[in-house]
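how would this look folded up:
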Amino acid sequence: MALNVLGGELETCGTDPLTGFYRNGCCDTGGEDAGVHTVCARVTAEFLDFSREQGNDLTTPNPRFGFPGLVPGDRWCLCASRWAEALREGAAPPVVLEATHARTLEWVDLDDLRAHAARH
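Numbers count the residues shown, from 1 in each chain. The predicted structure is shown next:
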């Protein structure tokens, strides 16, 4: 059983669009997930712009990979290092703590995650 950053069972992040490294709706991770896609975020326009500026356009659909493109409000499993980078730059999107994998704490302090907790 995977744990979230609060110590409970990892909850589903999002199924529309279907997210997660394993495309199972959860921000679960494993050895093959080099990007560590563990932060369940509700993406914002500001974050999507920031990500595009860093060379990762998350708004443009890529049908080859079954990726629909994201719009503000979508829940998506982000790389822990990218979320930490966005935090430093003031562009971190809200986080769904119950659906954010505990491994995220290797990159980000729980207090920072709590300060950016999504309001359900």
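
Would you check how far apart residue 4 and residue 77 are?
Taken as C-beta to C-beta, to the nearest Å, the spacing of residue 4 relative to residue 77 amounts to 12 Å. (Glycine included, C-beta is placed from N, CA and C.)

which of those two has more neighbours?
Ranked by neighbour count (other C-beta atoms under 10 Å), residue 4 and residue 77 place residue 77 first, with 29 against 21.

I figured the more buried one hits residue 20, correct?
Yes. Taking contacts as C-beta atoms under 8 Å, residue 77 lies within contact range of residue 20: 4.9 Å.

can you list residues touching both of these two?
With C-beta atoms under 8 Å, 6 or more residues apart in numbering applied, the overlap between the contact sets of residue 77 and residue 20 consists of 13, 26-27, 37.

Quick one: which of those residues is the most crowded by neighbours?
For those, neighbours were counted using other C-beta under 10 Å, and residue 27 has the most, 34 neighbours in all.

in a strand, that's where that residue is, yeah?
No. When classified by DSSP: H, G, I helix; E, B strand; the rest coil, residue 27 is found to be coil rather than part of a strand.
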